[in-house]
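J.: Got a sequence here, can you build the structure:
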Amino acid sequence: MKDNAVPLGVTFGSLGVLGPRAVLDIAGLADQLNYDSIWTVEATGTDAFTLLGAVAAAHPQLGLATGIVPIQLRTPTLAAMSAATLQALSPEADVWLGVGVSAPGILRTHGETATQRPIAMMREYVALLRECLSGEAVTFEGDFWSVKRFRLGVRLGERRPKLVMAALNPQMLRLAGEVADGVLLNYIPASHVSASVAQVRRGGDARIFAYVHAAVGELERSARSARRDLFGYAMADGYARMFRAAGFGDEVDELRARHAEQDRDGAVAAISDRMIQAIDFIGSETEVAAFVRSYVDAGIEHPVLMPMPWGEDRFAVTRNTMVAAAAAFRNTSRPDGP
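T.: Numbering: from 1, shown residues only. The predicted structure follows:
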């Protein structure tokens with residue numbers, strides 16, 4: 001980790017439209033702007049670890065994190081192997097293995113079904129994953145996974161992968177505090193951070209990460225993209241509950257009512273400007289910097305920028321947003337380049 005007063009990461013999760021090779025451009029910019037880590041995601045596009053391996057070779061000083069890989073798609077043994085390999089390739093870097101229970105829609109595309117016991121599944125996954133990372137022989141018989149005489153074949157030094165759990169609802173937040181090294185919040189307005197942190201602290205002292213969604217741009221030009229983005233998440237029950245708890249119940253109820261009437265345009269339009277600017281913020285560089293700072297003020301220990309590449313020049317928007325977020329915590333000069 002770089003020596004920053006407030007560590008700041010950036011995720012490639014929103015930047016798949018730039019293509020996989022762009023991860024090296026983003027990592028290079030992150031390094032130049034003194035970001036401490038780069039994060040990747042797994043859904044139906046790139047896999048998380050291949051991208052991080054490329055980053056590790058080009059920028060060994062950057063922390064490496066998955067945020068997240070679905071526990072239904074990677075067994076605990078495979079996740080341990082992948083994270084340990086990444087740590088062995090980058091022995092001086094922080095490696096954060098972020099895991100979470102994936103949404104039913106994503107699971108269906110992989111031929112998997114959603115669990116009816118997500119808390120129990122996550123607890124078992126983390127327990128087995130920690131055993132697999134220990135280097136000791138592991139035999140395990142659980143409700144979801146079984147392992148017989150597994151031993152990790154990667155030698156690790158003192159620095160080992162740390163575990164991050166994605167969490168939304170109170171039960172999962174408390175579990176993350178109890179069993180993980182960190183918890184990753186996502187699509188959460190700064191105004192709702194303190195309530196989520198309180199739940200985490202009921203479980204333990206896991207480090208608080210959050211994806212901070214922002215774009216340097218004009219609301220009028222990018223609002224449609226933001227509404228489409230938030231629409232998809234508001235249709236997922238877990239996020240809908242969190243949005244309601246955060247004060248956006250009217251938007252969620254109207255959106256779902258319009259969707260039930262097969263009025264997709266009306267459903268998307270139900271997302272208010274107020275909701276956009278609380279979650280998928282769009283504004284000037286100065287405004288984006290203030291938005292990112294608001295999460296730290298609310299209790300986030302480790303913000304992770306999710307640049308929203310909305311505009312004709314997606315890379316330029318991403319670059320400008322990264323510059324703005326970096327300026328939130330330290331003086332930075334604008335890097336040369338397009």
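J.: ok, which stretches of this protein are helices?
T.: For the chain, applying DSSP state H gives helices covering 22-32, 48-58, 76-89, 104-109, 118-133, 170-179, 193-203, 219-234, 237-243, 249-260, 264-269, 273-279, 285-298, 314-326.
J.: can you put those in CSV and add distance to Gly9?
T.: For the C-beta atoms, the positions are set from N, CA and C on the backbone; glycine is no exception. Formatted as CSV, those follow (distance: least, CB to CB, whole Å):
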stretch, distance to Gly9
helix 22-32, 8
helix 48-58, 12
helix 76-89, 15
helix 104-109, 22
helix 118-133, 21
helix 170-179, 17
helix 193-203, 16
helix 219-234, 20
helix 237-243, 21
helix 249-260, 29
helix 264-269, 30
helix 273-279, 18
helix 285-298, 11
helix 314-326, 10
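J.: right, so of those, which gets closest to Val6?
T.: helix 285-298 (5.8 Å; CB to CB).
J.: Touching the closest one from outside, list them.
T.: The contact list for helix 285-298 (CB atoms under 8 Å, 6 or more residues apart in numbering) reads 6, 8, 190-191, 193-194, 210, 212, 214-216, 281, 283, 303, 305, 320-321, 323-325, 327-329.
J.: Separate out the buried members of those.
T.: Buried members of the contacts of helix 285-298, scored by 16 or more other CB atoms under 10 Å, are 6, 8, 190, 193, 210, 212, 214-216, 281, 283, 303, 305, 320-321, 323-325, 327-329.
J.: what's around Ala206, how many residues?
T.: For Ala206, the number of neighbouring residues by other CB atoms under 10 Å comes to 25.
J.: quick one: contacts for it?
T.: Met165, Ala176, Gly177, Glu178, Ala180, Asp181, Gly182, Val183, Val200.
J.: With distance to Asp47, pLDDT and neighbour count as added columns, please give the residues you listed in a markdown table.
T.: Shown next, in a markdown table, are the contacts of Ala206 (distance: CB to CB, whole Å; pLDDT from 0 to 100; neighbours: other CB atoms under 10 Å):
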| residue | distance to Asp47 | pLDDT | neighbour count |
| --- | --- | --- | --- |
| Met165 | 20 | 98 | 29 |
| Ala176 | 24 | 98 | 30 |
| Gly177 | 29 | 98 | 23 |
| Glu178 | 29 | 98 | 16 |
| Ala180 | 22 | 98 | 26 |
| Asp181 | 22 | 98 | 18 |
| Gly182 | 21 | 98 | 22 |
| Val183 | 23 | 98 | 28 |
| Val200 | 28 | 98 | 27 |
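J.: Mind picking the one among these that's closest to Ala316?
T.: Ranked by distance to Ala316 (CB to CB), those are led by Gly182 at 31.6 Å.
J.: is it true that that closest one touches Gly204?
T.: No - Gly182 is beyond contact range of Gly204, at 10.9 Å (criterion: CB atoms under 8 Å).
J.: His192 - nearest residue in space that isn't next to it in sequence?
T.: Ala246 (3.9 Å; CB to CB, 6 or more residues apart in numbering).
J.: I'd say that neighbour and Val193 touch.
T.: No - using CB under 8 Å, Ala246 makes no contact with Val193, being 9.5 Å away.
J.: For the closest residue to Thr109 other than its chain neighbours, give its distance to Leu73.
T.: Leaving out its chain neighbours, the residue that sits closest to Thr109 by CB to CB, 6+ apart is Thr44, at 5.5 Å. Separation of Thr44 from Leu73 (CB to CB, to the nearest Å): 10 Å.
J.: Neighbour count: these two, which is higher?
T.: Shown here are Thr44 and Leu73; by other CB under 10 Å, Leu73 has more neighbours (16 against 9).
J.: Pull the contacting residues for the more buried one.
T.: Leu73 sits next to Glu42, Ser102, Leu107, His110, Glu112 when contact means CB under 8 Å, 6+ apart.
J.: Now the buried members of those residues.
T.: Applying 16+ other CB under 10 Å to these flags Glu42, Ser102, Leu107 as buried.
J.: Fine by me, we can end here.
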